[in-house]
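> Provide a 3D model corresponding to the input given below.
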Amino acid sequence: MAMLARQLAGAAPQLRSRPIIDFRNIVNLLTKHAFAGLLYMFNVHDASELDTRTRALSAVCIVGDLNEVLSLDYPYIIALVDIANEPGNLFFGCFMRKHIPGHHDIITESIVPIVFVSSRSDLSFDNPSINRVLFVTEINDGLDVFRE
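Numbers count the residues shown, from 1 in each chain. Coordinates of the predicted model:
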């Protein structure tokens with residue numbers, strides 16, 4: 001994961017002034033690589049073969065590690081997304097930091113915002129419709145949120 005975080009750190013200065021879609025494309029590539037490595041480590045072919053705790057822990061670690069290389073004044077942030085009408089699934093999402101309620105209270109780069117929305121249609125880049133946000137700062141917090 002450290003190698004992927006370094007790749008984001010290297011690209012971050014150029015992505016700062018680019019549209020969020022460019023940032024999202026890089027993050028999507030990095031998170032796919034991170035999960036591919038995780039599946040290889042656990043000798044499984046699909047994330048659904050992992051238990052909920054392992055998936056939650058992995059997702060929290062991936063987002064925390066990637067966010068850690070972004071400064072607190074960076075315009076974008078990576079979050080986990082929980083979509084109400086798609087229960088049981090978490091997604092990686094990229095947001096403009098200013099669209100995350102409570103973003104101004106973030107005091108550490110390794111924060112993991114968990115964004116709760118009603119449906120995928122609420123996830124626009126310009127004005128996402130976020131129901132609530134939970135900020136996870138420790139692995140145990142992430143596990144408590146996603147208990148089966």
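
> which ones are touching the most centrally placed residue in the chain?
Closest residue to the average C-alpha location of the chain: A79 at 3.2 Å, with C-alpha atoms, centre = their mean. Applying C-beta atoms under 8 Å, 6 or more residues apart in numbering to A79 gives the contacts V63, F92, G93, C94, F95, I100, V112, P113, I114, V115, V133. All C-beta spots, glycine's among them, are computed from the backbone N, C-alpha and C.

> what about this protein, any weak spots by pLDDT?
Applying pLDDT under 70 to the chain flags the ranges 138-148.

> ends of stretch 83-98, what's the gap?
End-to-end distance for stretch 83-98: 20 Å, by C-alpha to C-alpha, to the nearest Å.

> likewise for stretch 109-128?
22 Å.

> stretch 46-53 too?
15 Å.

> for it, buried residues please.
Buried residues in stretch 46-53, counted by 16 or more other C-beta atoms under 10 Å: A47, L50.

> swap in stretch 9-28?
Neighbour count says stretch 9-28 has A11, A12, L15, I20, F23, R24, I26, V27 buried, by 16+ other C-beta under 10 Å.
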